[in-house]
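1. structure, please.
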Amino acid sequence: MTPKTPTEPAGLDPRRILAAGLSRPLSDAEQAALDAWAEGSAQAREEIAETREAWLAAGLAAEDPAVRALRRSVRLETGLDRPAVRRPRRPNRRWLVGGLALAAASVVAGAVLVDRPRTESYVAPPHAAARLTLADGSRVTLSPGGRLTARLSRRARTLALTDGDAFFDVSHDPRRPFTVAVSERTLTVLGTRFNVAGGRRLTVSLVQGSLRVTQAGAPDVLLRPGERYLSAGRGGRAESGDVAGDASWTSGRLVFADVGLAEAAERLSRAAGRKVILDDPSLARLRLSGSVRIERLDDVRAALEAVLPVTTRTTPDGSLVISPAGRSSLHG
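-> Numbering: from 1, shown residues only. The predicted model follows:
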């Protein structure tokens with residue numbers, strides 16, 4: 001009986017995309033197709049992770065003739081190089097994945113592989129979120145303008161979030177701890193889904209798994225699913241909350257549950273990649289509940305004006321300015 005293969009997105013061959021991504025950045029369409037394939041089955045996610053791990057291993061032994069030939073085959077298969085002579089037939093795509101795994105296994109067996117970390121830096125576009133798949137199979141969504149550095153080795157996965165918000169879907173690997181450095185704190189996880197929101201106060205929302213927050217000079221805080229970590233100067237505390245709502249920005253929506261307009265404006269700024277400005281300090285005491293789509297600024301303006309006594313306008317640089325609709329309505 002032929003084994004069932006993972007579901008493949010129409011129009012784009014995910015294995016060709018996977019192989020191409022080992023040697024060049026993927027286009028938005030290619031990354032979307034690869035993500036869709038990964039979400040379709042556990043088998044696809046495992047194949048992606050194994051292929052990337054195999055490539056890392058093979059890359060460390062690049063001077064080996066067999067490895068050079070294998071890498072050449074991958075580049076030819078994905079169209080990155082043009083063959084000097086016409087090939088009699090196309091190499092089997094499944095062989096490419098299996099061949100990479102075999103190459104990695106032979107390198108490890110020969111004690112050639114050493115623990116050389118691989119460091120990658122990512123920057124999201126100014127006005128759009130970025131969806132990343134790391135070499136270990138973990139997936140990260142970065143808010144507009146977000147910056148992330150990932151250092152992956154055989155023994156550890158160390159990340160640093162230096163700007164913006166991020167949602168992490170961590171690939172389970174108990175042999176390699178996964179840590180994220182953010183706002184002078186370290187988040188340590190194993191197979192976890194969680195959201196990190198910066199701004200004036202760090203908020204870490206745990207959707208699934210377990211997560212420990214550590215900071216020098218402060219007690220550790222262990223989060224359970226459905227809990228948030230809220231920073232408070234030195235250290236922080238855990239509390240229950242709508243953690244799914246905290247992560248809703250990854251699907252183009254923000255959810256507010258009786259929050260001040262100043263906090264709402266800050267969250268809108270980070271999620272949309274646009275400055276949201278309150279031009280009157282008295283607006284900060286207004287409270288906001290509900291949800292709003294953030295893909296179009298006009299939708300945000302209409303939603304705010306529908307539920308609050310405010311008027312809005314956009315500036316030439318794309319910023320959103322919120323003003324009082326009238327002094328009497330604010331104080332009435």
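
2. pairing partners for the strand or helix carrying residue 220, with directions?
-> Residue 220 belongs to strand 218-223 when assigned by DSSP states H and E. The pairing partners recorded for strand 218-223 under DSSP bridges are strand 211-215 (antiparallel).

3. circling back: what sits up against the strand holding residue 220?
-> Strand 218-223 is contacted from outside by 194, 204, 206, 210-214, 229, 234-238, using C-beta atoms under 8 Å, 6 or more residues apart in numbering. Heads up, the C-betas are built off the backbone N, CA and C, glycines and all.

4. tell me what the next helix or strand after that strand is packed against?
-> Using DSSP H and E, the helix or strand that follows strand 218-223 in sequence is strand 227-231. Here strand 227-231 touches strand 203-208, strand 236-240, helix 243-246, going by 3 or more C-beta pairs under 8 Å, 6 or more residues apart in numbering; DSSP states H and E.

5. quick one: contacts for the residue nearest the centre of the chain?
-> By C-alpha atoms, centre = their mean, the chain has its centre lying nearest to residue 140, at 1.5 Å. Neighbour list for residue 140: 122, 131, 132, 134, 148, 166, 167, 168, 169 [criterion: C-beta under 8 Å, 6+ apart].

6. can you rerun that using 7 Å?
-> 132, 134, 148, 166, 168 (C-beta atoms under 7 Å, 6 or more residues apart in numbering).

7. got any ranges where this protein has weak pLDDT?
-> 1-11, 21-25, 49-116, 326-332 (pLDDT under 70).

8. leaving out the residues flanking it, which one is nearest to residue 277?
-> Take residue 277 and drop its neighbours on the chain: the residue closest to it by C-beta to C-beta, 6 or more residues apart in numbering is residue 321, 4.9 Å away.

9. in a helix, that's where that neighbour is, yeah?
-> No. Counting by DSSP: H, G, I helix; E, B strand; the rest coil, residue 321 is not found in a helix; it is strand.

10. roughly how far apart are it and residue 143?
-> Using C-beta to C-beta, to the nearest Å, we find residue 321 at a distance of 21 Å from residue 143.

11. what do you get for residue 314?
-> In this view, residue 314 and residue 143 are 20 Å apart by C-beta to C-beta.

12. out of those two, which sits in the busier spot?
-> residue 143 (25 against 14; other C-beta atoms under 10 Å).

13. how does this structure divide into domains?
-> What automatic domain parsing lists as the domains of the chain is 14-109, 118-246, 252-331.

14. among those domains, which is the most enclosed?
-> Comparing the domains of the chain by mean neighbour count (mean count of other C-beta atoms under 10 Å), domain 118-246 ranks first with a mean of 18.

15. what distance separates the start and the end of it?
-> The first residue of domain 118-246 is 31 Å away from its last residue (C-alpha to C-alpha, to the nearest Å).

16. just to revisit the earlier point, let me have the contacts of residue 140 in TSV, adding distance to residue 288 as columns.
-> Below are the contacts of residue 140 laid out as TSV (distance: C-beta to C-beta, whole Å):
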residue	distance to residue 288
132	30
134	35
148	29
166	24
168	27
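
17. quick check: the farthest pair among those residues?
-> Using C-beta to C-beta, those span at most 11.8 Å, a distance reached by 134 and 166.

18. show me the helices in the stretch 151-300 of the chain, by range?
-> Along the stretch 151-300 of the chain, counting by DSSP state H, counting those that start in this stretch, helices occupy 243-246, 261-272, 297-307.

19. tabulate those helices (JSON lines), appending distance to residue 17.
-> Below are those laid out as JSON lines (distance: least, C-beta to C-beta, whole Å):
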{"stretch": "helix 243-246", "distance to residue 17": "30"}
{"stretch": "helix 261-272", "distance to residue 17": "28"}
{"stretch": "helix 297-307", "distance to residue 17": "32"}
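
20. wait, what's in contact with residue 242?
-> Contact analysis of residue 242 by C-beta under 7 Å, 6+ apart lists 255, 257.

21. and it, backbone torsions?
-> In terms of degrees, to the nearest 10, the main-chain angles of residue 242 are phi -80, psi 80.

22. quickly list what residue 189 is bridged to.
-> Judged by DSSP bridges, the bridge partners of residue 189 are residue 178, residue 211.

23. can you give me the distance of it to residue 311?
-> According to C-beta to C-beta, residue 189 and residue 311 sit 44 Å apart.

24. surely residue 264 and residue 256 touch.
-> Yes. Residue 264 lies in contact with residue 256 (C-beta atoms under 7 Å); the separation is 5.5 Å.

25. joint contacts of the two?
-> Contact criterion C-beta under 7 Å, 6+ apart; residues shared by residue 264 and residue 256: residue 288.
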